[in-house]
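Participant: here are the coordinates; sequence isn't available:
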């Protein structure tokens, strides 16, 4: 009998016990009708070839293991960055269960959102009644300061009009007339979660800015982070830096406290976030800057329409990314970059110099949202690495052009290639045919690591199978240190694994590296 | 073994009143029907087979907008539950990217196979609908998707099309595409109309998925397995999705008692196991809610009897093994006794080790399928008491069956809202809550131990004797971890924290 009370065997060792191995072998042989082993072997080997790669990259309709989610997820994340705001997603209810689960699995935190629970009758008659009842229930039960409405694809396909519906609900007394109900249409069949983020943030600004006079306050700016699974660590680091500089700014959409509430006996449904008064006041800022270009295009467009100057970055990590950000902030505010930040910069450069022998010429594959891939590739180039395969399922031609320009800016970029719109099954072919030293992505990358034996670093949303990384910053010089250290740790672990067989490989099992 | 306890029905009645008083009137009226306190049956000591109590609530009706229901949708019921685990088929999430993305690899349906080559469970295949597909229809794209699957994954044994919301709204004819492609590729192609807006929860998705098996696998597949030799002890295990290996920890017991498990639905299953199911002698059904439909169909059409069983905890396992054995006569009955006896020392050791650490601890459950009732006795085997339970998507027959498990005064909540669950937990302060990922972190913030009872919190198996040891260990580690005593900063002292028990 394999199991015992003294040493309880978990699933991994339990099913490797002889009784189970035998049982599963019999199941396969007698009942599963499997393909002959050599067919499986042949096909497995075939998927590693250039021939398969070409077929794989030529796909026109089928998407396999994409690295993107749908718009409303981004909208729910965006709403979480505003004070006491409840997300209300208009459409089928299963979607909301999915967004909440997805966000909770990454952040290891509660994720509250409600649905208007539309069913077949609403598909026929429209979801107005669901909106009227739903807003009233949400307002009464969860006492939010604001309800941010977005849509699932069901509501979009039948063409429900959010503005009219919300107006109707207010007329019916679902929520008080003056209660804030910003909204954004977030069709799942357009773009990805980063566009849903963009639409929702823009929707919030529109709600508070529309029809208001702007009186510019020179030298002040708004900062929008973009969809970021590392918002907990990053937003706090960005705030620390900006506070060091003593600049006047408004952080718009800050989910860092919402997705990092303490355990002290109280469940906080809402915590932190940009205050509504601050969102209103933000209209008067001279500038709005975004940390992620591709996640805020429409929002910045809207800010520009109001006469604000805009600037954006592409997930600023590493030396130059942070340099650019700081210099822009300095330019806008007229404040000097303090010496303390120059010291932080120097320390990151110092660390990179100390470790450069282990980084120079290393090859990487990077995937994720377009801004993340850009920012990460830029840092890798700074370390003397080559980001050979850069892939974003939700990246388009504009992103591909930006990436190419980045490659062209460095001699280390000459063999690098950008893969807009491709998925992780395509990445599998790239890794088999043109192997790299390290894969940078998220938890889904573990299947690529298993199949291609490329070591994986989880550095972007979603991360389900490693805990707490998102609580540490990646942005800024300090964040760069974390990224650098994680990369180096991975390489050193690989070296040690490859050199730890006694009397065979352990002549290289060096104590000092 | 039945643990003797009663719950504080009065407190529970009061909690129901309190939560309802916060709702808008119209909503309070509707929610009232879903909340109740179990009442003891007529006899003080319920006779065998008689319900211990009545759990009279309304169920399987629409969720109320805006209340934060925990339910999912029909797609989740079909792709996520019934079809997704079938390992040698490719399941297309047909529509926009999200549904397939959020459900990708999240149900822990364990399997053996080479993923991406002859097995496809932990992959996300989608037609990734764009605006033009909504406007012009997606049938052409679907055809191409199926062709590309055949080209790149030639060892698949079939394809299912899991419809997302837009499919039914834009009038696509996925059935026609399926027939055409079946002819072209000579493989089973199953269209499933599990659009998320259908029905009121996951439940209709199960039913639709069951019907798709009937219509697109059983019917019209001719005599594909004519040469399969049937035996007198052939059974199908129905409604075990092999979460964390549950079906394997169950199969080993059934085989040990001399039965031949010819099909497991649908954890670690191949299409062949589904196709051949009508040849079995008996269907053993674990998750009644999600797969009773196809069992009833097999009974009507092929004359196969079915029986429910419960492999959570030693009391129910033993009772189930005996009940199953009755269908096969004295030899198998004797085998069942031998199996029970063989595992008794393990059971005794597990109970001896963990019961003292868990005795008298109270538990609230809120899950789906069979678990709101099936796991109750497993907790009681460890001396723990169930104070409240409810179903995400149960029907009336589930609540009737629950009466056989719960004690007088147990709080019953159907399709509970986020608000209600929080208030109930606050009011009762159980020692453990068993529910899902969305509930885990709010509950833990309140300082109450929690285990996910959908995914086994990344542990398992929990079925069978081997699983019971893991179940007991997991409940112990959740409740007796020292972290729960660290919540209060010492300079802001409230009530003294409970003493943790160190692991042995």
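Facilitator: Yes, it's here. Note that this is a predicted model, so its numbers are computed, not measured.
Participant: OK, contacts around residue B:365?
Facilitator: B:371-372, B:375-376, B:386, B:388-390, B:433-435, B:453 (CB atoms under 8 Å, 6 or more residues apart in numbering or on different chains). (C-beta placed from N, C-alpha, C; glycine too.)
Participant: and the closest residue to it other than its chain neighbours, bridged to which residues?
Facilitator: With sequence-adjacent residues excluded and distances taken as CB to CB, 6 or more residues apart in numbering or on different chains, residue B:365 is closest to residue B:389, at 4.3 Å. On the basis of DSSP bridges, residue B:389 is bridged to residue B:412.
Participant: quick check: pLDDT value at residue B:389.
Facilitator: Here, the pLDDT recorded for residue B:389 equals 98.
Participant: circling back: so which of the contacts of residue B:365 belong to helices?
Facilitator: Among the contacts of residue B:365, the residues falling in helices (DSSP state H) are B:371-372, B:376.
Participant: spatially central residue in the chain, please.
Facilitator: I'll assume chain A. The centre of chain A sits closest to residue A:461, judged by CA atoms, centre = their mean, with a distance of 3.8 Å.
Participant: please go with chain B instead
Facilitator: residue B:369 (4.3 Å).
Participant: verify the contact between that one and residue B:286 for me.
Facilitator: No: between residue B:369 and residue B:286 there is no contact under CB atoms under 8 Å: 9.1 Å.
Participant: let me see the contact set for residue A:56.
Facilitator: Residue A:56 neighbours (CB under 8 Å, 6+ apart): A:425-426, A:428-429, B:152.
Participant: let's have these in TSV, adding distance to residue A:66 and secondary structure.
Facilitator: Shown next, in TSV, are those (distance: CB to CB, whole Å; DSSP: H, G, I helix; E, B strand; the rest coil):
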residue	distance to residue A:66	secondary structure
A:425	9	helix
A:426	10	helix
A:428	13	helix
A:429	15	helix
B:152	15	helix
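Participant: specify which member of these is nearest to residue A:486.
Facilitator: residue A:428 (23.1 Å; CB to CB).
Participant: spit out the contact partners of that closest one.
Facilitator: Residue A:428 neighbours (CB under 8 Å, 6+ apart): A:47, A:56, A:448, A:451-452, B:116.
Participant: same question for residue B:189.
Facilitator: B:146, B:158-161, B:177-179, B:181-182, B:216.
Participant: give me the buried entries from those residues.
Facilitator: B:146, B:158-161, B:177-178, B:181-182, B:216 (16 or more other CB atoms under 10 Å in any protein chain shown).
Participant: secondary structure, distance to residue A:298 and pLDDT added to those residues, as a markdown table?
Facilitator: Shown next, in a markdown table, are the buried ones among the contacts of residue B:189 (DSSP: H, G, I helix; E, B strand; the rest coil; distance: CB to CB, whole Å; pLDDT from 0 to 100):
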| residue | secondary structure | distance to residue A:298 | pLDDT |
| --- | --- | --- | --- |
| B:146 | helix | 36 | 98 |
| B:158 | strand | 42 | 98 |
| B:159 | strand | 37 | 98 |
| B:160 | strand | 37 | 98 |
| B:161 | strand | 34 | 98 |
| B:177 | helix | 36 | 98 |
| B:178 | helix | 39 | 98 |
| B:181 | helix | 39 | 98 |
| B:182 | helix | 44 | 97 |
| B:216 | helix | 43 | 97 |
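Participant: which of the residues you listed lies closest to chain A?
Facilitator: residue B:146 (8.4 Å; CB to the nearest CB).
Participant: might you report the residue contacts of the closest residue to residue B:243 other than its chain neighbours?
Facilitator: Using CB to CB, 6+ apart and skipping the chain neighbours, the partner closest in space to residue B:243 is residue B:108 (5.0 Å). By CB under 8 Å, 6+ apart, residue B:108 lies in contact with B:243-244, B:455-456, B:458, B:460.
Participant: who wins for neighbours among the residues you listed?
Facilitator: Most neighbours among the contacts of residue B:108, by other CB atoms under 10 Å in any protein chain shown: residue B:244, with 27 neighbours.
Participant: hang on, that one packs against residue B:464?
Facilitator: No: using CB under 8 Å, residue B:244 makes no contact with residue B:464, being 11.4 Å away.
Participant: still on that earlier bit, any chance of the contacts of residue B:365 in JSON lines, plus neighbour count?
Facilitator: Below are these laid out as JSON lines (neighbours: other CB atoms under 10 Å in any protein chain shown):
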{"residue": "B:371", "neighbour count": "23"}
{"residue": "B:372", "neighbour count": "32"}
{"residue": "B:375", "neighbour count": "24"}
{"residue": "B:376", "neighbour count": "27"}
{"residue": "B:386", "neighbour count": "26"}
{"residue": "B:388", "neighbour count": "29"}
{"residue": "B:389", "neighbour count": "25"}
{"residue": "B:390", "neighbour count": "31"}
{"residue": "B:433", "neighbour count": "28"}
{"residue": "B:434", "neighbour count": "28"}
{"residue": "B:435", "neighbour count": "27"}
{"residue": "B:453", "neighbour count": "21"}
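Participant: can you list the residues of the stretch 251-400 of chain B near chain A?
Facilitator: Counting by CB under 8 Å from any CB of the partner chain, the stretch 251-400 of chain B comes close to chain A at B:251-252, B:255, B:261-264, B:268, B:270-273, B:276, B:342-343, B:346, B:349-350, B:352-354.
Participant: distance check, the closest residue in space to residue B:477 that isn't next to it in sequence against residue B:357.
Facilitator: In this structure, residue B:477 finds its nearest non-sequential neighbour in residue B:503, 7.1 Å apart by CB to CB, 6+ apart. Counting by CB to CB, to the nearest Å, the gap from residue B:503 to residue B:357 is 10 Å.
Participant: re earlier: columns pLDDT on top of the contacts of residue A:56, output as CSV?
Facilitator: Shown next, in CSV, are the contacts of residue A:56 (pLDDT from 0 to 100):
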residue, pLDDT
A:425, 98
A:426, 98
A:428, 98
A:429, 98
B:152, 98
